[in-house]
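Colleague: I'd like to go over a predicted model; first the sequence, then the structure.
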Amino acid sequence: MTAVLAASGAPASFELPAGTGVEVEISGVSRSFGSVAALDDVSLAIEPGQIAVLLGPSGSGKTTLLRAVAGIETVDAGTIRLGERVLSRRGSTTSADRRDLGMVFQDYALWPHMTVRDNVAFALRRTRIPIADRRARVDEVLGRVGLGEHGPRYPNELSGGQQQRVALARAIVANPSLLLFDEPLSNLDADLRERMRVEISTLVRESGATAIYITHDQSEAFALADVIAVVEAGRIVQVGSPESIFSHPATPFVARFTGISGGSNGTLRHLGDGRAVVDVSGCELWVTLIGQAMPGERVDVIARATALAIVPDGTRVDEAVHGLVEGTVIDSAYRGAGYDHVVESSLGRLTGVRDAQSHPRGSRCMISVAVAATFAFGNNR
Ligand SMILES: Nc1ncnc2c1ncn2[C@@H]1O[C@H](COP(=O)(O)OP(=O)(O)OP(=O)(O)O)[C@@H](O)[C@H]1O
């Protein structure tokens, strides 16, 4: 497969043989540390070649799950199968170096006393690639990540982004069937993070490997994933495509963790087809209903920022598509393509409310609220 590098340095082409991604099946996995249940009956199936992102807050169990898949952590219950082989079960763990995987860590984890070339070559020590061919393979992959000239250097002579590229080269050099990423971008600044995210996505997809990637950054998760698993307190609470999680978050936690503008409590008035009318502080709105609720019940109402826009007074809307709420502008911030406002409204304090023009602090405004991106959750959610 021919690929063109997008990293720093001159563009070049390289031939990388595509590996074959492995199917990953995690079934009923639990792992406790003392009284802390880091993983509680976790199941997840990942198809060959997919990028699965584990998205969750700090302490939710993402790293423990990734380490269990890598064979660095044992499991108390359940199984982890990679392809045909069950590699983890209670009392039995196949070690990481016999799992045909590459790993990229947040802190790069490079050997400081080895050159860049030797760090990458280290991953080939157990492969069948003839020793005489290894140097060429290492240089090819270093070129692929934009570090063709950096082989003789030591890690402390490289920037953070370059060190992470070395780690990436080391992870892919042996063409593993599974790649694991433990928050690989969190030590990089915002601009570099976005570029490296694109490079990782391109490299992983070209390699053909299956990948599991953990992050607590929802925009990174949405940009990278074929499938997202949202992790909360040791459990996977929703699995789906980025689109399905965005449009149908299973719980208020998932909605909040995947980006909201604001929300409030309301009372459900009428039920429609997957939709409902809610009364929020005296204002009636059509919303998307998640789960079950009956008229008269209290519901959590949450709006994504994409649901909201400031509209001129007197705007007429189709209530089945958009509702209207009134609010007072608290703040206005210039965002290049327009302005984001913070507005106090009957739907609570809303952030990221867009308009092409700025509205002064303290002014009244009308906000249109898209039904498709505003959710009501019944009490059972
Ligand atoms: N070796 C350990 N000994 C004791 N407790 C642990 C150990 N490893 C993890 N834990 C606990 O298990 C829970 C899950 O931790 P884990 O590191 O998997 O979460 P995480 O979602 O990866 O968090 P972060 O994003 O902060 O890395 C936490 O409560 C953590 O304190």
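Modeller: Happy to help now that I have it. On a predicted model such as this, the values are computed, not experimentally measured, just so you know.

Colleague: in the stretch 201-350 of the chain, what residue is nearest the ligand?
Modeller: Here the stretch 201-350 of the chain gets closest to the ligand at one residue, residue 216, 5.5 Å apart by CB to the nearest ligand atom. Where C-beta positions appear, they are placed from N, C-alpha and C, glycine not excepted.

Colleague: now residue 328. Nearest residue, chain neighbours left out?
Modeller: Spatial nearest neighbour of residue 328, excluding adjacent residues (CB to CB, 6 or more residues apart in numbering): residue 344 at 5.0 Å.

Colleague: tell me the strands beside whichever strand or helix holds that neighbour, with direction?
Modeller: In this assignment (DSSP states H and E), residue 344 forms part of strand 339-345. Partner strands and pairing direction for strand 339-345 (DSSP bridges) are strand 322-334 (antiparallel), strand 348-355 (antiparallel).

Colleague: what about the closest residue to residue 57 other than its chain neighbours, neighbour count?
Modeller: Among residues not flanking residue 57 along the chain, residue 216 sits closest, at 5.7 Å (CB to CB, 6+ apart). Using other CB atoms under 10 Å, residue 216 has 18 other residues around it.

Colleague: doesn't residue 54 make contact with residue 216?
Modeller: No - the criterion here is CB atoms under 8 Å, and residue 216 misses it with residue 54 at 9.6 Å.

Colleague: how about residue 265, what does it touch?
Modeller: By CB atoms under 8 Å, 6 or more residues apart in numbering, residue 265 lies in contact with 280, 298, 299, 300, 301.

Colleague: let's see that with 7 Å instead.
Modeller: 298, 300, 301 (CB atoms under 7 Å, 6 or more residues apart in numbering).

Colleague: where along the stretch 151-300 of the chain do the helices fall?
Modeller: 160-172, 190-207, 218-224, 242-247, 252-257 (DSSP state H, counting those that start in this stretch).

Colleague: and residue 221, how far is that from residue 103?
Modeller: According to CB to CB, to the nearest Å, residue 221 stands 19 Å off from residue 103.

Colleague: correction: the previous question concerned residue 276.
Modeller: Counting by CB to CB, the gap from residue 276 to residue 103 is 45 Å.

Colleague: and residue 29, how many neighbours?
Modeller: So residue 29, with other CB under 10 Å, has 25 neighbours.

Colleague: can you list the weak-confidence ranges in the stretch 101-250 of the chain?
Modeller: In the prediction, the stretch 101-250 of the chain carries no residues with pLDDT under 70.

Colleague: what parts of the chain come near the ligand?
Modeller: 33, 36, 38, 56, 58, 59, 60, 61, 62, 63, 64, 216 (CB under 6 Å from any ligand atom).

Colleague: distance to residue 149 added to these, as TSV?
Modeller: Shown next, in TSV, are those (distance: CB to CB, whole Å):
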residue	distance to residue 149
33	44
36	47
38	42
56	39
58	38
59	41
60	41
61	41
62	35
63	34
64	39
216	34
